[in-house]
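# Attaching a predicted model along with its sequence, questions to come.
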Amino acid sequence: MKKLELVGTKKLTLPGDTEYLWRYFDIHKFLGFIIDRTFRFARMDQFEDPLEGIPLKALETYWEKVDLNLVQNKSLNELILDRSIFDSLPAPLRSRLNTINAIQKTNYVSCWFNEQRESMAMWNLYSNPDAVAIKVPFKKLCTHLKPKMLNEHISRYYGGKVDYQDFTNLRQFTPSPGSRLPGVALRKDKSFSHEKEFRFVITAKPGMKETTGIDTTAIDLKKLGFKVICHPRMTEWKKKNIKKILLANGYNTSFVESEIKLRS
């Protein structure tokens, strides 16, 4: 099993061992987690943001062509999503777009919310009143999160905090050393900064059979130290069902009441 490489910088320090990482689940993903005891690494081109995994060089090349009016008034997002004008673009930019595509096709990510308290914003953005969240101590998650994938197909397995940078103003951070990251999957536009992500990333070797996701090996959840929190608006009878599911599977101490109290 390939060992997880934890990467950090002076700016992007790693969480403490007992600090929590969170996942906000709909009820079906939660049931899948309890039954299968796995998490999933999603391929980067499956995410909504087309700028996932973008190298700094690609940003630099794009902005050079903007200055020369060679991108047909298209944003970089549009150039990635719309291949209809690809052949008419300058060769250096076509090369960068191909690089972005290759990165997104070979990097698989497990995304976690890095915060110590429950977030109403995350409930509103990524769930509904029937949803739950789980929180896991950072050290235990690093210990037990292992990709179900042969080492011969993995070129790198790493984790770190996402650095949110302003992609619309490249000149703000180039050529600052702080704009160079230890992992290409750890850069996102700052419009996503509310996500406060910590990411576990698998970089697959070129030529691996294409798949949209990679599961972890089955996890001994009793060793994971996870806690389950129900949506603040979940009705009591539904919360009782969540408790029963946890008790039936031997997770007697895993349920925690939401700390957020809302008016009806």
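Arrived safely.

# check contacts around Thr211.
Arg43 (C-beta atoms under 8 Å, 6 or more residues apart in numbering). (Each C-beta comes from the backbone N, C-alpha and C, glycine too.)

# so when I look at it, I'm seeing a strand, right?
No - according to DSSP: H, G, I helix; E, B strand; the rest coil, Thr211 belongs to no strand; its state is coil.

# where exactly do the helices run in the stretch 51-200 of the chain?
Using DSSP state H, counting those that start in this stretch, the helices of the stretch 51-200 of the chain run over residues 56-67, 76-81, 91-106, 120-126, 138-144.

# List the buried residues of the lowest-mean-pLDDT helix or strand in the chain.
Least confident helix or strand of the chain, by mean pLDDT, DSSP states H and E, is helix 56-67 with a mean of 84. Of all the residues in helix 56-67, those buried under the rule 16 or more other C-beta atoms under 10 Å are 56, 58-59, 61-63, 65.

# Now flag whichever of those residues is closest to Phe138.
Set against Phe138, the nearest of the buried residues of helix 56-67 by C-beta to C-beta is Leu56 (27.5 Å).

# roughly how far apart are that closest one and Glu236?
Look at Leu56 and Glu236: by C-beta to C-beta, to the nearest Å, they are 51 Å apart.

# Output the buried residues of helix 56-67 as JSON lines; include the columns distance to Val109.
Below are these laid out as JSON lines (distance: C-beta to C-beta, whole Å):
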{"residue": "Leu56", "distance to Val109": "19"}
{"residue": "Ala58", "distance to Val109": "18"}
{"residue": "Leu59", "distance to Val109": "20"}
{"residue": "Thr61", "distance to Val109": "24"}
{"residue": "Tyr62", "distance to Val109": "23"}
{"residue": "Trp63", "distance to Val109": "26"}
{"residue": "Lys65", "distance to Val109": "28"}
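
# excluding its backbone neighbours, what's nearest Glu257?
Leaving aside its sequence neighbours, Glu257 sits nearest to Ile229 (C-beta to C-beta, 6 or more residues apart in numbering; 7.4 Å).

# returning to that earlier point: possible to save the helices of the stretch 51-200 of the chain as a markdown table with distance to Leu4?
Below are the helices of the stretch 51-200 of the chain laid out as a markdown table (distance: least, C-beta to C-beta, whole Å):
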| stretch | distance to Leu4 |
| --- | --- |
| helix 56-67 | 24 |
| helix 76-81 | 29 |
| helix 91-106 | 18 |
| helix 120-126 | 24 |
| helix 138-144 | 6 |
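
# And those: which comes nearest Lys3?
Minimum separation from Lys3 across the helices of the stretch 51-200 of the chain (C-beta to C-beta) falls at helix 138-144, 10.2 Å.

# so how far is that closest one from its chain's centroid?
Taking the mean of its C-alpha atoms, helix 138-144 sits 16 Å from the chain's own mean (C-alpha atoms, centre = their mean, to the nearest Å).
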